[in-house]
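Asks: Quick one: sequence and predicted model below, then my questions.
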Amino acid sequence: MLNSFSGKRVLVTGHTGFKGAWLCSWLLDLGAEVVGIALDPITAPSHFSVANLSSKIKDLRIDIRDSRSLTKAFVDVQPDFVFHLAAQALVRRSYDDPIETWHTNVIGTLNVLEALRALNKKCAAIIITSDKCYDNVEWVWGYRETDAIGGPDPYSASKGAAELLIKSHIKSFFPKETSLVRVASARAGNVIGGGDWSVDRIVPDCVKAWSAGDNVELRNPNSTRPWQHVLEPLSGYLVQAISLYQNHELHGESFNFGPIAQQNHSVLDLVKEMAKYWDKVRWSDISDNGGAPYESGLLKLNCDKALHYLNWYAVMNFEETVKMTAEWYEAYYQRSSNMFELSRSQINQYTLIAKKEGIEWAA
């Protein structure tokens, strides 16, 4: 199924980010012609830089808030597929700079949708938002695509607003029966994997601290998250894009991509599992410190819709997820490996796991 990307022109916004770099690596492996639109990487190092992806794709540095430049790039590229991942993706940063967060996540998404309107060719576009787009009341069952959206913090609220925008624009400007451009949204979150050096994320915090022999401070060790390897939702986005390209009935639909319900583990569980692959690890609980901004304590997704319509489900268990993540960082910090080839190797490893599960897209 994924061989449908071979020879196709694929535009990825946010390609210099953690998920975007992994997606570009996978698309290259599938034989796609990849064009990226993004700002410079926000961390040093970054997966994009250590994998030397700028030499392997067409690398455009455009701010998605710049509507004119963005639309021109879309028209010039004439993509067959678009994956929109560019975003201000950090909850705590959204408290520090809510204006940037809202401009990037809402107006930036509007600009992408307007750029898609300028195309006059068949194109499937997947707009990635977040699991935090849901109005999280911290119930024990997973959120479905029809549940209320919203959020108490600027990041979550901006992602909920982006979902409203996507739905409105599809109904207003991309009629299901006649539109050459097909659009759908995807919701996932709390991905881990090699190549993430973002601030205020638990795995990067651990590897940066432990590689320097320092202590890791845990703000919310008992908070649970649906941890999944970055390749899990990316496989969902890829399958969703092909399915959308082939079936207009999926136009305008939203899909959750997350692990099975039993995959929810606490931050402390994750740190303890990571510690199995590192020497001389230390951590401390600072959750009693007052004044920290709100962060949700429980959040998980119901992914039955993706299973039913896309035959997609997550295939890696918690231990496999953490092991693959730790091995990537171990190769970077201790073996100075070719990180692009290592990432390709892990993509192939993940595909083999999916194939053994009998997943259709991996056949």
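Replies: Yep, that arrived. Residues are numbered from 1 along each chain as shown.

Asks: Starting from Ala209, give me the distance back to Glu217.
Replies: 8 Å (Cβ to Cβ, to the nearest Å). No exception for glycine: its C-beta is placed from N, CA and C like everyone else's.

Asks: Out of those two, name the residue with the larger neighbour count.
Replies: Ala209 (17 against 14; other Cβ atoms under 10 Å).

Asks: Touching, that one and Val203? I think so.
Replies: No - here Ala209 does not reach Val203: they are 10.9 Å apart, not a contact under Cβ atoms under 8 Å.

Asks: pLDDT weak spots in the stretch 151-300 of the chain?
Replies: For the stretch 151-300 of the chain, applying pLDDT under 70 flags the ranges 261-262, 288-298.

Asks: So which residues of it form strands?
Replies: In order along the chain, the stretch 151-300 of the chain carries the following strands (DSSP state E, counting those that start in this stretch): 181-187, 191-192, 216-218, 224-225, 228-229, 254-256, 265-266, 283-285.

Asks: Let me have the ones you listed in CSV, extended by distance to Gly150.
Replies: CSV is the format used below for the strands of the stretch 151-300 of the chain (distance: least, Cβ to Cβ, whole Å):
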stretch, distance to Gly150
strand 181-187, 13
strand 191-192, 22
strand 216-218, 28
strand 224-225, 19
strand 228-229, 23
strand 254-256, 15
strand 265-266, 25
strand 283-285, 30
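
Asks: Just say which of those is most tucked in.
Replies: Compared across the strands of the stretch 151-300 of the chain, strand 228-229 shows the largest average neighbour count, a mean of 26 (mean count of other Cβ atoms under 10 Å).

Asks: Just give the strands next to that strand in its sheet, each with its orientation.
Replies: Strand partners for strand 228-229, identified by DSSP bridges, are recorded as strand 191-192 (parallel).

Asks: what does the strand it pairs with contact?
Replies: With Cβ atoms under 8 Å, 6 or more residues apart in numbering as the test, strand 191-192 has contacts from 18-19, 203, 227-230, 232-233, 270, 321-322, 325.

Asks: Count the neighbours of Ile286 for me.
Replies: For Ile286, the number of neighbouring residues by other Cβ under 10 Å comes to 12.

Asks: Now it. Nearest residue, chain neighbours left out?
Replies: For Ile286, the nearest residue in space outside its immediate sequence neighbours is Glu217; the separation is 4.8 Å by Cβ to Cβ, 6 or more residues apart in numbering.

Asks: same check, this time on Asp147
Replies: Once chain neighbours are set aside, the closest to Asp147 by Cβ to Cβ, 6+ apart is Tyr134, at 5.7 Å.
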